[in-house]
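# I would like the atomic coordinates for the input below:
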Amino acid sequence: MDNMAIPYSAAALPLSIHAVETEERLSRRLYFVCKRGMDVILAALLLALLLPLMLLVALFIKLDSPGRVFFVQKRIGVKRRIKVGRITWELYTFSFYKFRSMVNDADPTPHQVYFENFRLGCINGDQSTPFKLTRDSRLTRVGAILRRTSLDELPQLINVLKGEMSLVGPRPALPYEVALYDEKHFERFRAIPGITGWWQATARSRVGFEEMIQMDINYARRAGFWVDLEILLLTIPAVLSCRGAE
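Got it, this is the predicted structure:
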């Protein structure tokens with residue numbers, strides 16, 4: 001299931017997503033090797049350091065409401081491939097981990113409808129609606145705290161270790177979100193999805209759809225060691241302030 005085919009293959013993406021200039025190839029390869037090494041080291045270190053906290057969070061979830069500790073959801077990721085001298089980004093689905101913050105087996109329809117309205121509002125010029133669904137009745141008491149503090153995101157360190165995500169990159173999208181993309185939006189898939197990125201660290205959920213996508217595209221175009229470091233440093237105060245984390 002993790003590698004099931006979806007109708008958004010790399011072959012369907014604009015050519016600009018495949019092509020990489022020859023003079024950039026060596027430096028880009030070096031960057032991706034170093035990025036992967038940093039991801040593995042930091043994710044393993046953070047998991048070891050945060051294990052007591054994660055066990056405590058799991059206990060509170062179990063005491064607060066019946067159901068599983070982890071929430072597992074299919075998200076769309078990308079794999080970087082080199083074929084015939086070209087770098088390509090192949091789309092696939094993977095299992096995305098979070099601490100459960102909603103009632104067990106919550107109906108996903110409200111979020112899907114909300115996202116469709118959010119996307120439609122942006123098309124019609126209304127950029128005032130936040131990306132995240134707020135005042136969600138499906139949230140548990142502990143879940144609301146986990147959302148505000150971003151502690152529900154900690155299990156994604158496992159996704160990082162597995163190579164499905166990076167510490168820094170565009171957030172992995174849901175299939176029904178990608179179904180509403182225009183062709184130009186697919187350029188955000190020129191980077192491996194991450195736990196944090198430009199819009200999470202700066203704007204959080206208080207930006208419109210087009211601005212959010214453009215921030216991800218800008219990251220994919222500019223990605224490098226110093227850009228990743230800047231985003232990681234900006235994420236710390238953003239998380240501590242709980243800004244935009246409903």
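# distance check, the residue most central in space within the chain against residue 238.
With distances taken as C-alpha atoms, centre = their mean, the residue of the chain nearest its centroid is residue 171 (2.0 Å). Separation of residue 171 from residue 238 (C-beta to C-beta, to the nearest Å): 14 Å. All C-beta atoms are positioned from the backbone trio N, CA, C, and that covers glycine.
# now do the shared contacts for those two.
Here residue 171 and residue 238 have residue 200 as joint contacts, going by C-beta atoms under 8 Å, 6 or more residues apart in numbering.
# state the mean pLDDT of the longest helix anywhere in the chain.
Secondary structure of the chain per DSSP state H: the longest helix is helix 22-64. For helix 22-64, mean pLDDT rounds to 89.
# hmm, who's touching the helix or strand just after that helix?
Toward the C-terminus, helix 22-64 is succeeded by strand 70-83 as the next helix or strand (DSSP states H and E). Identification of contacts with strand 70-83 by C-beta under 8 Å, 6+ apart yields 1, 6, 8, 10, 32, 87-102, 152, 155, 164-165, 172-175, 178, 189-193.
# helices and strands around the helix or strand harbouring residue 89, which ones?
Taking DSSP H and E as the definition, one finds residue 89 inside strand 86-99. Contacts defined by 3 or more C-beta pairs under 8 Å, 6 or more residues apart in numbering; DSSP states H and E place strand 86-99 against helix 15-18, helix 22-64, strand 70-83, helix 156-162.
# closest to residue 231 out of those?
Of all the helices and strands packed on strand 86-99, it is helix 22-64 that lies closest to residue 231, at 12.1 Å by C-beta to C-beta.
# quick one, what contacts the closest residue to residue 165 other than its chain neighbours?
Spatial nearest neighbour of residue 165, chain neighbours left out: residue 159 (4.1 Å); criterion: C-beta to C-beta, 6 or more residues apart in numbering. When contacts are counted by C-beta under 8 Å, 6+ apart, residue 159 touches 94, 96, 97, 165.
# now residue 152: how far from residue 118?
20 Å.
# now swap in residue 212 and tell me
Remark: distance between residue 212 and residue 118 (C-beta to C-beta) = 10 Å.
# next one: residue 156
22 Å.
# ok, residue 60 next?
Counting by C-beta to C-beta, the gap between residue 60 and residue 118 amounts to 30 Å.
# using the three-state scheme, assign residue 144.
The three-state assignment at residue 144 reads helix, by DSSP: H, G, I helix; E, B strand; the rest coil.
# leaving out chain neighbours, which residue sits closest to it?
Spatial nearest neighbour of residue 144, excluding adjacent residues (C-beta to C-beta, 6+ apart): residue 101 at 7.3 Å.
# also residue 196?
Nearest to residue 196 is residue 235, by C-beta to C-beta, 6+ apart, at 4.4 Å.
# quick revisit: any idea of the angle the strand holding residue 89 forms with helix 22-64?
10 degrees (axes from the mean of the first three to the mean of the last three C-alpha atoms, to 10 degrees).
# how far does strand 86-99 sit from the chain's center?
10 Å (C-alpha atoms, centre = their mean, to the nearest Å).
# now do the buried residues in the next helix or strand along the chain from that strand.
Next helix or strand after strand 86-99 toward the C-terminus (DSSP H and E): helix 109-123. Buried residues in helix 109-123, defined by neighbour count with 16 or more other C-beta atoms under 10 Å: 111, 114, 115, 118, 119, 122.
# pretty sure the third one contacts residue 178?
No: counting by C-beta atoms under 8 Å, residue 115 stays clear of residue 178, with 10.8 Å between them.
# identify the contacts common to those two.
With C-beta under 8 Å, 6+ apart as the test, residue 115 and residue 178 reach no residue in common.
# who's in contact with the residue nearest to residue 146 when sequence neighbours are not counted?
Residue nearest to residue 146 in three dimensions, not counting chain neighbours: residue 152, with 4.0 Å by C-beta to C-beta, 6+ apart. Listed by C-beta under 8 Å, 6+ apart, the contact set of residue 152 reads 71, 98, 99, 100, 101, 143, 146.
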